[in-house]
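1. No letters, just coordinates:
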């Protein structure tokens, strides 16, 4: 007799425990279902429903017979080669073919769709963690529906989904998602409890605050979809090779040996000469480092539940017979309860799939997924699934009497920040990566394929993909121990509350990997640290709560969408920077030293930089490095230290991206030397009107004639060989001190001791962010990306058109034709600081009632006395942006569904006073 689920929950844990070594050791099972499916390519869900139809089996066999194979002695030349026959890989091949590229080969070491694609439940959730991933999901859904409407049996069914809110903060999060979705033309709405129960009467409404209804979320059969896309690609000329493993990717050195280009792929069936490759990772030289880790997930399929609310006939298939679904529009396909970490997915046979992610998951396969892990599952993991099952039964009591049919424990690929990894690698040119979909592979695959294909074909995309770019990581993120620790947290973050962070780490693991020499001292002074690219950075100092027992890092975990707990602390630091003197540890900024024996480094930088860098020794030049379209690839300060010696300083997040861009343009003669000196210097920002007086007491340097935007090598106190620069990256007066790291502690102590007479205090990045936002300083990665030009953000004064540089022609054309977007500062007019939810970036901007862009950065302006938002206003159609276009309009900012009136500023407000670092003495 079968056991009801409630009794399984109540059983002692030792009756169903599985030894942990099985998971960490990477042991997996391939039971009869898996072996049977290896020949007919049915999805796991289709197998569980026992609805595989004969004509599909024949179609797959026919498909296998039409696959291309190569003899060992053959060495075909095929410009585009990529590995991985999952849905993402097949989507790339399909989209390459769609844009006219026929010479493509896809290599799969086993059978198509035999790994994560085969295990997938086929859910398509339109609401993703970032705007770009939401755009991918939206396109994927459109593609899948188009295939369905064209007569392809891909199992497309649209039933919508519900996201439940058990707390006020969760409801606020859903309302923020609603605001973003509406801006992207995705239909959804919030429901109160009464309307929720109309949609899903089986839910216990206790503690439920409301829900978000997404009517166009859908479901797909991932294997049928994969086969369909593969067949269409092959009809267009794409070659697909199964049972063929990629052994190595071969490259040739370019740019004086500092840059590598794909030449061929060595497979188990021979060598394929090619110009492009996708995702071979460590099978290359140099190694392409892809920070992903397999984590397990578990779901349970019940036996049919006769009284489960559903109007779908039990003998109809959930996959393929869509007319039955279309007749029942009020049936909810998926219910997600992120606060209790579970989802339920009703199936066509009146059974239910129960799954979810725990706050901490198990990482598996630390040495890579075994080659034989195809059509395979992991051992059942009842002990971890207890929490998910218990929560599901608590919320939907009808499940308590259901009988379980099978427990499914599978694996998927996750990344250190829970976002997709894609785009061209940092190590090898023309080597593209698309992986780490964080259990959202089916939802994202269509969009990934389209964008990767566009990148391969034209070298660019029409939308910035920086949030999911592989170059946001560095080598430390591929460390096995780091991945094993960090990735335990990631699956559970799928359901966690997305509180605003601004540099506050969401993670407990993988911390204190990169620290400045001052870290221990600043921590003792109650610094609250955030983490970016592995670097610990002080965000603010919690002086008001000195002596409290709770650990300082825990203060930041107590998130809010309103006025934050650190408001007064940041205000104090801000005032020091505006009226006195403060010191900020900015060691994490990326620093590259670049030089040559002759003039080649000047020619090199003049070509890469939009501004003129051929200035006198000691000059500091703010400049962008632009792409061919005039967009920012890099935003940096270039310091001329010698005749042929320069220092390039840029934000922390640009480290990997910058070195890729620089090396890709190196001259072939090897005349340029590049070195990453980030760790050699501790960077102290001594900021405020009293900074020059303080430093004058500690140095023999005459600070009164220290010109703005210049650099000198000086001694301060006992420390020598310090690069002092009169700029602060905020518009306030002060000095950046680049101190050899061995002198850092000594100099810091001296500054604090001598600065007592000036009221010096420690300052964090939050105060610095507020200063730059009030002055409309755009920051790369937040306000600037490859799609924004200097003309878009009023930076034409940093462009020197009297020389040749990358992107010049595009800027000249844009200047002639007019701009289509403009960087604007908004001040919220009717916002209550204490009662209203705050803007935290990502909020939609409305011009005359129509969506026109998103907020990119926000802060409360202590001088302006208002919430300050930065963002771009985009035009519709053929309009160009002029001063009148901006000024003769009304604006609103949507914060979680509530619109606030906003005043627009084309330039920084006069209340801020003169911008010091752009003036001359």
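-> Thanks, I have the structure now. Everything quoted here is computed from the prediction, not taken from an experiment.

2. Tell me which residues are up against stretch 891-901.
-> 172, 175-176, 178-179, 183, 190, 561, 826, 828-831, 836-839, 843-847, 849, 855, 867, 869, 890, 902-904 (Cβ atoms under 8 Å, 6 or more residues apart in numbering). Just so you know, the C-beta spots here come from the backbone N, C-alpha and C atoms, and that holds for glycine as well.

3. Would you mind checking these for buried ones?
-> For those, a burial check counting by 16 or more other Cβ atoms under 10 Å picks out 172, 175-176, 178-179, 183, 190, 561, 826, 828, 831, 836-839, 843-847, 855, 867, 869, 902, 904.

4. taking these one by one, which sit in strands?
-> If you go by DSSP state E, the buried ones among the contacts of stretch 891-901 have 190, 826, 828, 844, 845, 846, 847, 855, 867, 869, 902, 904 in strands.

5. Could you dump these into CSV and include pLDDT and distance to residue 395?
-> Shown next, in CSV, are those (pLDDT from 0 to 100; distance: Cβ to Cβ, whole Å):
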residue, pLDDT, distance to residue 395
190, 97, 19
826, 98, 41
828, 98, 38
844, 98, 32
845, 98, 37
846, 98, 36
847, 97, 42
855, 98, 35
867, 98, 37
869, 98, 37
902, 98, 40
904, 97, 46
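
6. who's in contact with residue 384?
-> 298, 358, 362.

7. Flag whichever of those residues scores worst on pLDDT.
-> When the contacts of residue 384 are compared by pLDDT, residue 358 scores lowest at 85.

8. can I assume that residue is in contact with residue 493?
-> No - using Cβ atoms under 8 Å, residue 358 is not in contact with residue 493; the gap is 11.1 Å.

9. low-scoring stretches of the protein, by residue?
-> For the chain, the stretches with pLDDT under 70 are 1-3, 6-85, 256-257, 276-282, 310-332, 501-504, 544-558, 914-921.

10. per the record, what domains does it have?
-> With domains defined by the TED database, the chain comprises 590-677, 773-912.

11. List the buried residues of stretch 473-492.
-> 473-474, 476-479, 482-492.

12. same question, stretch 137-155
-> Quick answer for stretch 137-155 (16+ other Cβ under 10 Å): 137-141, 143-145, 147-148, 152-155.

13. How is the closest residue to residue 454 other than its chain neighbours classified with respect to secondary structure?
-> Closest residue to residue 454 apart from its sequence neighbours, by Cβ to Cβ, 6 or more residues apart in numbering: residue 461 at 4.9 Å. For residue 461, the assignment made with DSSP: H, G, I helix; E, B strand; the rest coil gives coil.

14. I'd like the distance from residue 461 to residue 875, if you could.
-> Distance of residue 461 to residue 875, computed by Cβ to Cβ, to the nearest Å: 20 Å.

15. so residue 595 bridges to which residues?
-> On the basis of DSSP bridges, residue 595 is bridged to residue 645, residue 673.

16. which residue ranges form the strands in the stretch 801-921 of the chain?
-> Ranges of strands in the stretch 801-921 of the chain, per DSSP state E, counting those that start in this stretch, are 821-828, 844-847, 850-861, 866-874, 891-895, 898-905.

17. Indicate which one of these is closest to residue 913.
-> strand 850-861 (13.1 Å; Cβ to Cβ).

18. Which elements pack onto that closest one?
-> Applying 3 or more Cβ pairs under 8 Å, 6 or more residues apart in numbering; DSSP states H and E, one finds that strand 850-861 contacts helix 168-183, helix 765-774, strand 821-828, strand 844-847, strand 866-874.

19. Adding distance to residue 516 as columns, could you present the ones you listed in a markdown table?
-> Shown next, in a markdown table, are those (distance: least, Cβ to Cβ, whole Å):
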| stretch | distance to residue 516 |
| --- | --- |
| helix 168-183 | 33 |
| helix 765-774 | 13 |
| strand 821-828 | 32 |
| strand 844-847 | 37 |
| strand 866-874 | 28 |
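
20. now, of those, which is deepest in the fold?
-> Across the helices and strands packed on strand 850-861, averaging neighbours per residue (mean count of other Cβ atoms under 10 Å) puts helix 765-774 on top, at a mean of 25.

21. what's it packed up against?
-> On a contact count with 3+ Cβ pairs under 8 Å, 6+ apart, helix 765-774 meets strand 535-541, helix 567-579, strand 582-585, strand 850-861, strand 866-874.

22. from the chain's centre, how far out does the fourth one sit?
-> The gap between where strand 850-861 is centred and where its chain is centred comes out at 19 Å by Cα atoms, centre = their mean, to the nearest Å.

23. Need the contact partners of it.
-> Under the contact criterion Cβ under 8 Å, 6+ apart, strand 850-861 has outside partners 131, 180, 182-183, 567, 769-770, 773-774, 779, 782-783, 821, 826-827, 833, 838-846, 866-876, 893.

24. quick one: strands adjacent to it?
-> strand 844-847 (antiparallel), strand 866-874 (antiparallel).

25. Which among the ones you listed is found nearest to residue 346?
-> Using Cβ to Cβ, the strands paired with strand 850-861 put strand 844-847 closest to residue 346, at 33.0 Å.

26. Contact partners for the residue nearest to residue 165 when sequence neighbours are not counted?
-> Nearest non-adjacent residue to residue 165, counting by Cβ to Cβ, 6+ apart: residue 171, 3.9 Å away. The contact partners of residue 171, taken as Cβ under 8 Å, 6+ apart, are 165, 190, 209, 210.

27. next one: phi and psi at residue 454?
-> In terms of degrees, to the nearest 10, the main-chain angles of residue 454 are phi -60, psi -40.

28. what's around residue 713, how many residues?
-> Neighbours of residue 713 under the rule other Cβ atoms under 10 Å: 13.

29. could you say which helix or strand contains it?
-> For residue 713, the host element (DSSP states H and E) is strand 711-716.

30. Buried ones in that strand, by neighbour count?
-> Using 16+ other Cβ under 10 Å as the test for burial, strand 711-716 gives 711, 712, 714, 716.

31. beta partners for the second one?
-> Pointing back at residue 712 there. Here residue 712 sits in beta bridges with residue 724, going by DSSP bridges.

32. wait, it sits on residue 618?
-> Yes - assessed by Cβ under 8 Å, residue 712 is found in contact with residue 618 at 6.3 Å.

33. Disregarding residues adjacent in the polypeptide, which is nearest to residue 837?
-> residue 561 (4.8 Å).
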